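S.K.: give me a 3D structure for the following:
(one chain, ligands or ions: 1)
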Amino acid sequence: MATKARVLAAYRAMKDLGISEQKTKPVLKNLLKVYDRNWGPIEEENYRVLADAIFEYEDTEVMEKKKCQSTDQEALEQEAQENDELERPLKRLRLRYQGQEAPSHGQPIQTGGSSLKKPKVEPGAPEPLNQQSQGMTQSPKSNVGSGRAGPQPVSTPSLLRNKGKQPVSAQIDVGDKVPQLFSSPTALSGKNMLTERTSNALHLKEPRAEMGIVPVPKSKLLIANALIKPKDEPFTDGMPPDEVPLAIVHPESLCEGRPSNANGSVESLHLVVSDAECVNGVDKCVGAVASSGKQEGDLEVANIPVKSPTTLEIAASPLGEVKISLNCEFALDRPNFHVPSIDEVMKYMEDKCLRSYKIIDPSFSVTNLMRDFCESFLVLGNHCTDESLEKQINITPVVDVLKESTLLDAIGHGGNDGTTSAVCSSWNGSVNAKCSDSVAATHVSDLPLALHSPGKHMHSIMDSVDDGCGEKEPSSSMDMNSKSIVVGHHCQLDPDEIRRLHDVNDITRGEEKVKVLLLYDSNSESLPSFYYIPQSVVFQNAELNFSLSQIGDEDCCPTCSGDCSPLVTPCACTCRNGGDFAYSSDGLVKEEYLEECVAMVRNPQKQRLMYCKECPVERCKNEDMLEPCKGHLYRKFIKECWSKCGCSKYCANRVVQRGITCKLQVFLTPEGKGWGLRTLEVLPKGAFVCEYVGEILTIMELHRRKLQGSGDKHSYSVLLDADWGSGVITSEQALCLDATSYGNVARFINHRCLDANLVQIPIEVDTPNHMYYRVAFFTAREVDAFEELTWDYGIDFDDHDHHFKSFDCLCSSSFCRDMKRSNRSKSASISR
Ligand SMILES: C[S@@+](CC[C@H](N)C(=O)[O-])C[C@H]1O[C@@H](n2cnc3c(N)ncnc32)[C@H](O)[C@@H]1O
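M.R.: As a prediction, the model looks like this:
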C-alpha cells in the first residue's frame with residue numbers, strides 16, 4: 001500500500017475511536033520514526049500501538065501540566081510513578097519487536113514534543129520491585145479481560161491503574177489443597193457418584209508481598225476469604241439463629257465482641273485482612289464448620305479481598321459451576337443508593353475501560369470479560385482447554401432479585417437454551433455473576449442430576465427448585481441473602497442416568513472436531529441414553545476384516561503424493577469412482593455423481609434392486625421357511641484414498657474420513673418424531689454432513705436384539721446391504737450398523753419419504769470388501785440454516801417385518817409413502 005494510503009487508513013482508524021487527525025499526526029510521525037518507517041507493528045491489531053501512543057501522549061501532556069502546577073513532594077512522587085507506568089507499555093512494545101522488525105534503538109521517542117526516554121533493556125537485569133509485584137498480576141487472568149490468550153501489547157488495567165495496590169486478580173493454584181471453608185451436613189453421608197473430589201481444588205494463593213502491603217499469614221487470608229453473611233438483612237428477619245444459609249457464616253457467631261453497626265448490616269461485611277483479632281475468631285469458627293465435613297460437589301469459595309470495602313468472591317464446584325460475587329458495601333453507606341440496571345453498569349464499565357484502561361479492542365465488552373473470567377476458572381479447575389469451554393458461558397442480566405421467581409429463573413432455569421448464568425445486583429450492593437458449564441446447565445433443568453436439599457439447617461437458594469429427585473423444598477425456606485453462594489447437591493445416579501446426562505453444549509463430548517449442540521429446554525423429554533462414538537465399532541462375531549494385507553495396490557494409490565485431484569490420469573482410487581473424482585476441490589460431491597446417487601434412491605425407474613439367492617434378512621426371520629428376497633437397492637459407492645495411499649490426509653479424495661465439519665444441532669421436532677438433527681448453517685448441495693456410526697453387527701444379532709426388545713421407542717439401525725445380491729452371503733457377513741447404544745449424531749436424523757434433503761452414499765475407505773462400508777450422508781440440495789436434516793430410510797411401510805420398528809410417518813412430504821398407504825387402506829375400507 002502506498003504511504004499516503006496507509007496514513008489515511010491510520011487516520012480513519014483513529015477517527016473511529018474518536019481521535020482527531022490533528023492528534024494522530026504527530027504521534028504517527030514519531031512512531032514511524034521509532035519503527036524505522038516499518039508500518040507492520042503500527043498497523044497490527046487495528047492500529048493498537050498508535051492508539052496507545054496517542055493515549056500516552058495525552059497522559060504525558062496532562063502530567064506536564066500537573067508538573068508545572070504542583071511543586072510539593074507528593075506530586076513529584078506521583079509523577080515519578082506515573083512516568084514509570086507510562087514507560088512500561090512502550091517498553092513492552094519495543095521488546096516485542098526487538099530482533100524482528102526492530103525499530104532503531106537509542107532514539108528518544110518523541111510524542112508531540114514530550115520526550116519519553118526509551119527505557120534501556122538489559123537482558124537479565126532485575127526489574128524494579130514495584131514492577132515485580134505488578135508482574136505478579138500477569139497470571140493467566142491478566143489476559144482474561146481482553147479475551148485474548150496471548151501476551152498483550154497494550155497495558156492491562158491492573159498494570160496501569162492498580163498503582164501499588166493489592167492485586168485485584170487472585171492467583172489460582174490448581175492442585176494445591178487448602179481446607180474448604182464451608183460444608184453441609186449432607187457431606188457426611190453423601191454418596192455422590194459424579195462429584196468425586198479430586199485434588200484439583202481451586203483456591204487462592206497467598207499474594208506475594210508488595211510495596212506497602214504487609215504480607216498476611218495464610219490463615220488470616222483464608223479468613224478474609226470467608227463469606228460472611230450480612231447480619232440482619234430483610235429476608236433473614238425472624239430466621240432462627242441456627243438456620244444459617246449454606247456456605248454463609250454469620251459473623252456474629254464467629255466474631256464475638258465485634259459489634260454490628262446501627263443498621264446491623266454493614267459491619268459484618270467489613271472483613272479487613274489485617275483485622276487480626278476477628279480474623280482469628282473467624283478462623284476458629286470456620287475451621288469448626290469445615291471440619292464437620294465437606295460436601296463433595298459444593299461450590300468452593302475463593303474470596304478475593306480486592307480492597308476493603310469491596311470484596312470479590314468466586315465460588316466454583318468441581319462440576320464446573322463458577323459464581324462471581326462482588327460486594328460493594330460502600331453502597332450501603334449511601335442512603336440514596338439505587339440499584340442500577342446491569343445494562344447501565346456494563347455500558348459505564350465499557351466506557352471506563354475505553355477511557356481509563358485504554359482497551360481499544362472494538363469487540364471488548366464487560367460481559368465477555370466476565371465470561372472469560374468464569375471460563376478461566378473452569379479451564380484451570382477442569383484442566384481442560386479454553387476451546388472446549390469456548391463460549392459456553394452466558395451472562396444474563398437479572399436485576400430484580402427481590403422477585404424470587406426472577407432470581408430462580410436466572411439461577412436455576414436460565415432459559416430455554418439450558419444455560420444458567422446470571423448477573424444479579426441487589427439493594428445491598430452485591431453483584432453476582434454466575435455461570436456453569438454444561439453439566440451444571442443440564443442438571444438445573446429436568447435431567448436427573450439435580451439439586452438435593454441439604455437439610456434443615458442449611459439452605460441454598462436452589463432448594464426451592466425441584467431437584468428432580470422428587471424433593472421440593474418450599475420456597476419459603478429460601479434465604480435471599482444466600483444468593484451470593486449457590487450450592488448444588490446431587491442425587492445418587494445410576495449408570496443409566498449418568499448416560500442420559502448429555503452435555504447440552506456438545507453432545508459429542510469432544511469426540512468430534514466440531515461441537516454438536518443440544519437444544520434443550522426444561523419441557524423437553526430426555527435425550528435417549530446412548531454413548532457417543534465418532535467411529536463405528538465391531539460387535540462380537542461380525543465378520544469384518546480390517547487388515548492391511550487385504551488392501552492390495554489396486555485398492556489404493558501408493559505412488560501418489562500430496563493431493564490426488566490435480567492428477568491428469570486418475571489414480572487407482574479414483575478409477576474405482578468411474579475414472580473421475582467424486583469430489584470437487586471444495587469437498588462437495590460432484591453434481592453428476594450426486595444426481596446419480598439421488599436418482600438411485602428417488603427415481604423408481606432408475607432404481608435397481610438386487611436380489612439375494614438366500615436373503616440374510618429372511619434367513620433371520622425363519623431359516624426353515626425361507627421367504628424370497630425382497631430386493632436391495634443398488635447404490636453407487638465412493639472410494640476414498642486412505643492411509644495405505646501415498647497422498648496426504650488433505651488429499652481432496654478424503655472427505656468422509658475427515659469427520660463432521662458443519663454446525664449441527666439436535667433438537668426436539670415439533671411434529672412428534674422425537675429428536676431430530678438440523679443444520680445451523682446453509683449447506684451447499686453435495687456437502688458431507690456426517691457418517692452413520694454405530695455398532696457393526698451381524699443382522700442375526702440385530703434380529704436377536706429386536707426380539708429381546710430394548711424398550712426403545714425408536715429404531716436406530718441401518719443395513720449394510722449395498723452389495724448384497726452379488727452371491728451367497730453368510731450370516732456372519734451380513735452386517736448392519738446399530739446406533740441404539742453407541743452412535744453418533746446420525747442417529748438423530750429422521751426419515752422423510754422420497755424428497756429428503758440428505759442422500760446416503762456408501763463409502764469405501766479401508767475395506768475393499770463391500771460387505772462393510774461407511775454410510776455417509778450428503779446434502780441432496782442446498783439446505784437452509786435451521787432446516788431439519790432427513791434421509792429416506794427406504795422403509796416399505798407395508799412390511800411390518802422391516803428391521804425398523806414400524807412408525808406412523810410424520811414426514812409431511814407430499815410423496816409420503818405411509819400417507820399413501822393409509823389413504824389406500826382408507827379408500828379400500830370405503831369401497832368395501
Ligand atoms: C434413527 S431414529 C431418529 C431419531 C429419533 N427421532 C429420536 O428421537 O431419537 C428413528 C426413529 O425416529 C422416529 N422417526 C423418524 N422419522 C420419523 C417420521 N418421519 N415420522 C415419525 N417418526 C419418525 C421413529 O420412531 C424411528 O424409529
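
S.K.: pairing partners for the strand or helix carrying residue 775, with directions?
M.R.: Assigned by DSSP states H and E, residue 775 belongs to strand 774-779. Strands that pair with strand 774-779, judged by DSSP bridges, come out as strand 688-692 (antiparallel), strand 758-764 (antiparallel).

S.K.: what lies in contact with it?
M.R.: 536, 589, 594, 597, 638, 656, 683-692, 718, 720, 737, 746, 749, 757-765, 789, 791 (Cβ atoms under 8 Å, 6 or more residues apart in numbering). C-beta coordinates here come from the backbone N, C-alpha and C atoms, glycine included.

S.K.: hmm, back to that, and the strands paired with strand 774-779: which comes nearest the ligand?
M.R.: strand 688-692 (9.0 Å; Cβ to the nearest ligand atom).

S.K.: mind exporting that closest one as PDB, just the C-alpha atoms?
M.R.: Extracted C-alpha coordinates of strand 688-692, given in PDB (Å, rounded to 0.1, in the frame of the first residue of the first chain):
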ATOM      1  CA  PHE A 688     -20.800 -34.100   3.500                       C
ATOM      2  CA  VAL A 689     -22.800 -33.900   6.800                       C
ATOM      3  CA  CYS A 690     -22.000 -36.900   8.800                       C
ATOM      4  CA  GLU A 691     -21.400 -40.600   8.700                       C
ATOM      5  CA  TYR A 692     -23.900 -43.100  10.300                       C
END
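
S.K.: could you give the mean pLDDT of that strand?
M.R.: Averaged over strand 688-692, pLDDT sits at 98.

S.K.: before we move on, what about stretch 768-784?
M.R.: Averaged over stretch 768-784, pLDDT sits at 95.

S.K.: would you put the C-alpha positions of it in CSV?
M.R.: Below are the C-alpha coordinates for stretch 768-784, written out as CSV (Å, rounded to 0.1, in the frame of the first residue of the first chain):
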residue,chain,number,x,y,z
PRO,A,768,-12.4,-53.2,-0.3
ASN,A,769,-14.8,-55.9,0.6
HIS,A,770,-18.2,-54.1,0.3
MET,A,771,-19.8,-56.3,3.0
TYR,A,772,-18.7,-53.4,5.2
TYR,A,773,-18.6,-49.8,4.2
ARG,A,774,-19.2,-46.4,5.7
VAL,A,775,-22.6,-44.9,5.3
ALA,A,776,-22.2,-41.2,4.6
PHE,A,777,-24.9,-38.5,4.3
PHE,A,778,-24.5,-35.7,1.8
THR,A,779,-26.9,-32.9,1.0
ALA,A,780,-29.1,-33.7,-2.0
ARG,A,781,-29.7,-30.0,-2.5
GLU,A,782,-28.8,-26.7,-0.8
VAL,A,783,-30.1,-26.9,2.7
ASP,A,784,-31.1,-23.8,4.7
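
S.K.: hmm, it in reach of the ligand?
M.R.: No. Counting by Cβ under 6 Å from any ligand atom, the ligand is not contacted by stretch 768-784; separation bottoms out at 12.0 Å.

S.K.: buried ones in that stretch?
M.R.: Neighbour-count burial for stretch 768-784 flags 768, 770-780, 783 (criterion: 16 or more other Cβ atoms under 10 Å).

S.K.: now do the same end-to-end measure for stretch 731-746.
M.R.: The first and last residues of stretch 731-746 sit 26 Å apart, counting by Cα to Cα, to the nearest Å.

S.K.: likewise stretch 538-548?
M.R.: 17 Å.

S.K.: what's the burial count for residue 740?
M.R.: Residue 740 has 19 neighbouring residues, counting by other Cβ atoms under 10 Å.

S.K.: one step back: which ones among the contacts of strand 774-779 come in contact with the ligand?
M.R.: Contacts with the ligand within these, as defined by Cβ under 6 Å from any ligand atom: none are present.

S.K.: just the buried residues of those.
M.R.: Neighbour counting by 16+ other Cβ under 10 Å classes 536, 589, 594, 597, 638, 656, 683, 685-692, 718, 720, 737, 746, 749, 757-765, 789, 791 among the contacts of strand 774-779 as buried.

S.K.: need the per-residue pLDDT for the residue of the chain at minimum distance from the ligand.
M.R.: The minimum distance from the chain to the ligand, using Cβ to the nearest ligand atom, falls at residue 674 (2.6 Å). Looking at residue 674, its pLDDT is 94.

S.K.: equivalent analysis for the one 10 residues further on, please.
M.R.: At residue 684 the predicted local confidence, pLDDT, stands at 98.

S.K.: quick check: it touching residue 588?
M.R.: Yes. Counting by Cβ atoms under 8 Å, residue 684 touches residue 588, with 6.1 Å between them.

S.K.: now do stretch 5-17: everything it contacts.
M.R.: Outside stretch 5-17, the residues touching it (Cβ under 8 Å, 6+ apart) are 1, 20-21, 23-25, 28, 39, 42-43, 46-47, 50-51, 54, 360, 362.

S.K.: near the ligand, which residues of the stretch 701-832 of the chain?
M.R.: Residues of the stretch 701-832 of the chain lying near the ligand (Cβ under 6 Å from any ligand atom): 713-716, 747-748, 750-751, 804-805, 807, 809-811.

S.K.: top of those residues by neighbour count?
M.R.: Neighbour tally across those (other Cβ under 10 Å): the maximum, 30 neighbours, falls on residue 748.

S.K.: just to check, that residue is in contact with residue 673?
M.R.: No. The criterion here is Cβ under 8 Å, and residue 748 misses it with residue 673 at 9.9 Å.

S.K.: thinking again about what came up before, make a markdown table from the strands paired with strand 774-779 and add distance to residue 541 to it.
M.R.: Below are the strands paired with strand 774-779 laid out as a markdown table (distance: least, Cβ to Cβ, whole Å):
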| stretch | distance to residue 541 |
| --- | --- |
| strand 688-692 | 21 |
| strand 758-764 | 23 |
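
S.K.: how about the residues of the chain by the ligand?
M.R.: So far as Cβ under 6 Å from any ligand atom goes, the chain lies against the ligand at 528, 673-676, 713-716, 747-748, 750-751, 804-805, 807, 809-811.

S.K.: ok, now with 8 Å
M.R.: Residues of the chain that fall close to the ligand, judged by Cβ under 8 Å from any ligand atom: 527-528, 668-669, 671-677, 713-716, 739, 746-753, 790, 793, 804-805, 807-811, 818.

S.K.: mind checking which of these are in strands?
M.R.: Among those, the members found in strands (DSSP state E) are 668, 675, 676, 677, 750, 751, 790.

S.K.: which members of the residues you listed are the farthest-apart pair?
M.R.: 668 and 751 (16.3 Å; Cβ to Cβ).

S.K.: okay if I get the residues of the stretch 701-832 of the chain next to the ligand as CSV plus pLDDT?
M.R.: Shown next, in CSV, are those (pLDDT from 0 to 100):
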residue, pLDDT
713, 84
714, 91
715, 91
716, 94
747, 97
748, 97
750, 98
751, 96
804, 68
805, 67
807, 90
809, 94
810, 95
811, 95
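
S.K.: between these, which is nearest residue 369?
M.R.: Within those, the smallest distance to residue 369 is 35.9 Å, found for residue 748 (Cβ to Cβ).

S.K.: partner residues bridging the closest residue to that closest one other than its chain neighbours?
M.R.: Of all residues not flanking residue 748 in the chain, residue 677 sits nearest, at 4.3 Å (Cβ to Cβ, 6 or more residues apart in numbering). Beta-bridge partners for residue 677, by DSSP bridges, are residue 666, residue 789.
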